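> what's the 3D shape of this:
(chains A, B, C and D)
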Number of protein chains: 2
Amino acid sequence: MKLSKKGEYALRALIDLGIAGEVGRELVQVTELSDKESIPAKFLEQIMQELKTAGIVVAQRGKFGGYHLARPASEITIGSIVRLIDGPLAPIGCVSHTAYEKCSCPDEEHCGLRMLMLDVRNAIAGILDRYTLADVVEVTLRKLRRDAVPLPFASPRPAARGQPVKSTVASRRTARTARVAAPRRLAPVEGLLSQLLPDYTI
Amino acid sequence: MKLSKKGEYALRALIDLGIAGEVGRELVQVTELSDKESIPAKFLEQIMQELKTAGIVVAQRGKFGGYHLARPASEITIGSIVRLIDGPLAPIGCVSHTAYEKCSCPDEEHCGLRMLMLDVRNAIAGILDRYTLADVVEVTLRKLRRDAVPLPFASPRPAARGQPVKSTVASRRTARTARVAAPRRLAPVEGLLSQLLPDYTI
DNA sequence: TTAAATCCTACTAAATTTATGGGAAAACAG
DNA sequence: CTGTTTTCCCATAAATTTAGTAGGATTTAA
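This is a model prediction of the structure:
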């Protein structure tokens, strides 16, 4: 039931981009991300390409370029990223919602294993499709602030202005408030994150 | 978040052994299992060895030999099998209970991703460690009976008697009642199986 | 013009998964 | 005792996935 390194790297980089956005930093370069997270730079470069192609991040090429999230962090679910990089969440194909595949068993209708794995799939999706990058960013920032750890990406480099970029203050506003705007879609689950983020709707 | 083919095969074979026990069949051979489940015979043979070494099944060698479960199906959790064949349930090493491993991130204490993946791990383990082979067997048998499908392993071959084997009736009794004897350890979760098996304690 | 960044394509090395093959040993029937 | 059928044991191999590496083209800003 493993998440691949690639998937882990993608999530770490995206969480960093979310933090950067929250701290007022417009662009973050691959080398910064790979340094901070100890990810092989060229590997992360590839991953960022995939995320760009999928419309999850936006790239700014050239000197002082870098990446930022394409949408508010509150609109990017963890599940969508894991599916993009690692494929379906379901443990076996015959219980996947997004990529169903007939399994080897002779009689799917009477397969107890299938029922069980459907429960597992729903449990995983119930978490990964519920939480967004914004949630993970919020939890991370809260913990860093609680322990008075200096925030990363705090020293903004001058942003490249290929197409003029919104002011720092304005973008901070939208980033901070976006999570509240998007209502959660699934019933709450008990878990550590739901305890730390107790403001779910229903 | 995949279960390997090997893990799936192991579970299918063990569920079959559980059904066989429930139907009064003492021994099932690899070729029968591989035929029924369309599993490559030699591959399944390997898997059965591993299960034997782990003390999950017992083998009877020689003509009219085969395998049966080493313990009541109610005492074999799905989680223990998946861990044996596929390794830890946790998506990343730093949230594994049974095989913790330091992750690459610089600061585990302030890692939001870790919290999230801990929730995922707990959700998976909450299901796979809760349910046993007996539960899956029960659900499967119930569905087969509901639709009046002929039960598998219904025609028992004469059992090999290396060491004399308990009477069919006696072993059926223990197998059927064992699930009641072993109390469940975790809080109930909502899910398809918990709806089909509504007799959980607490 | 130069420096620094993303972009793009190809390749590779290692690990893992998914098997296959060939007997040796055990148990039983006749 | 002999033949048959089964598990047992060990080695190998094919295929796939994972986790990178390499090198240069293109873009952008100073």
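> alpha carbons only for contacts and neighbour counts from here, please
Will do.
> low-confidence ranges in chain A?
Segments of chain A classed as low confidence (criterion: pLDDT under 70) are A:155-189, A:198-202.
> can you tell me the closest non-neighbouring residue to the residue lying farthest from the centre of it?
Most distant from the centre of chain A: residue A:106, at 37.7 Å, with distances by CA atoms, centre = their mean. Excluding its sequence neighbours, the residue lying closest to residue A:106 (CA to CA, 6 or more residues apart in numbering or on different chains) is residue B:37, at 6.7 Å.
> contacting residues around that neighbour?
By CA atoms under 8 Å, 6 or more residues apart in numbering or on different chains, the contact list for residue B:37 reads A:104-106, B:12-13.
> now, of those, which are buried?
Among the contacts of residue B:37, those classed as buried by neighbour count (16 or more other CA atoms under 10 Å in any protein chain shown) are A:105, B:12-13.
> next, format the residues you listed as TSV and append secondary structure.
Conversion of those to TSV gives the following (DSSP: H, G, I helix; E, B strand; the rest coil):
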residue	secondary structure
A:105	coil
B:12	helix
B:13	helix
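> between these, which sits nearest DNA strand D?
Minimum distance to DNA strand D across the buried ones among the contacts of residue B:37 is 11.5 Å, recorded for residue B:13 (CA to the nearest atom of the strand).
> the closest one contacts residue B:33, doesn't it?
Yes: with contact defined as CA atoms under 8 Å, residue B:13 counts as touching residue B:33 (6.2 Å).
> chain A against DNA strand C: which residues are in contact?
By the criterion of CA under 7 Å from any atom of the strand, the positions of chain A lying close to DNA strand C are A:28-31, A:45-46, A:48-49, A:52, A:58-67.
> the domain parsing of chain A - what is it?
A:5-77+A:131-183, A:79-128 (automatic domain parsing).
> how far off centre is the first one?
Distance of domain A:5-77+A:131-183 from its chain centroid, counting by CA atoms, centre = their mean, to the nearest Å, is 10 Å.
> what does the shortest one give?
The offset between the C-alpha centroid of domain A:79-128 and the centroid of the whole chain comes to 21 Å, using CA atoms, centre = their mean.
> quick check: closest non-adjacent residue to the residue of chain A found nearest DNA strand C.
When distances are taken as CA to the nearest atom of the strand, chain A approaches DNA strand C most closely through residue A:29, which lies 3.4 Å from it. If the residues on either side of it in the chain are set aside, residue A:29 comes closest to residue A:66, at 4.2 Å by CA to CA, 6+ apart.
> in contact with residue A:20, which residues?
Taking CA under 8 Å, 6+ apart as the criterion, residue A:20 is in contact with A:26-28, A:152-154.
> nearest to residue A:95, of the residues you listed?
residue A:28 (38.1 Å; CA to CA).
> the nearest residue to the closest one once chain neighbours are set aside: neighbour count?
Distance criterion CA to CA, 6+ apart; nearest residue to residue A:28, sequence neighbours excluded, is residue A:66 at 4.9 Å. Residue A:66 sits with 19 neighbouring residues when counted by other CA atoms under 10 Å in any protein chain shown.
> wait, residue A:66 touches residue A:49, no?
No: look at residue A:66 against residue A:49 with CA under 8 Å: they stay out of range, at 11.6 Å.
> rewinding a little: now the buried ones among the contacts of residue B:37 in a markdown table, with distance to residue A:147?
Formatted as a markdown table, the entries for the buried ones among the contacts of residue B:37 read as follows, by distance: CA to CA, whole Å:
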| residue | distance to residue A:147 |
| --- | --- |
| A:105 | 52 |
| B:12 | 49 |
| B:13 | 51 |
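> which of these are close to DNA strand D?
Applying CA under 7 Å from any atom of the strand to the buried ones among the contacts of residue B:37, none is adjacent to DNA strand D.
> ok, back up a step: could you measure from the residue of chain A closest to DNA strand C over to residue A:55?
Residue A:29 is 17 Å from residue A:55, where distance means CA to CA, to the nearest Å.
> and the two? Which one has more around it.
residue A:29 (16 against 12).
> what are the phi and psi values at the closest residue in space to residue A:102 that isn't next to it in sequence?
Distances taken as CA to CA, 6+ apart place residue A:94 nearest to residue A:102, at 5.2 Å, with adjacent residues excluded. With angles defined as degrees, to the nearest 10, residue A:94 shows backbone torsions of phi -80, psi 0.
> wait, what's in contact with residue A:94?
With CA under 8 Å, 6+ apart as the criterion, the residues that contact residue A:94 are A:100-103, A:114.
> mind checking which of the residues you listed are buried?
Going by neighbour count (16+ other CA under 10 Å), the contacts of residue A:94 have residue A:114 buried.
> can you tell me which of the contacts of residue A:94 end up in helices?
residue A:114 (DSSP state H).
> with distance to residue A:124 added, can I get the contacts of residue A:94 in JSON lines?
What follows is these, written out as JSON lines (distance: CA to CA, whole Å):
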{"residue": "A:100", "distance to residue A:124": "16"}
{"residue": "A:101", "distance to residue A:124": "18"}
{"residue": "A:102", "distance to residue A:124": "20"}
{"residue": "A:103", "distance to residue A:124": "20"}
{"residue": "A:114", "distance to residue A:124": "15"}
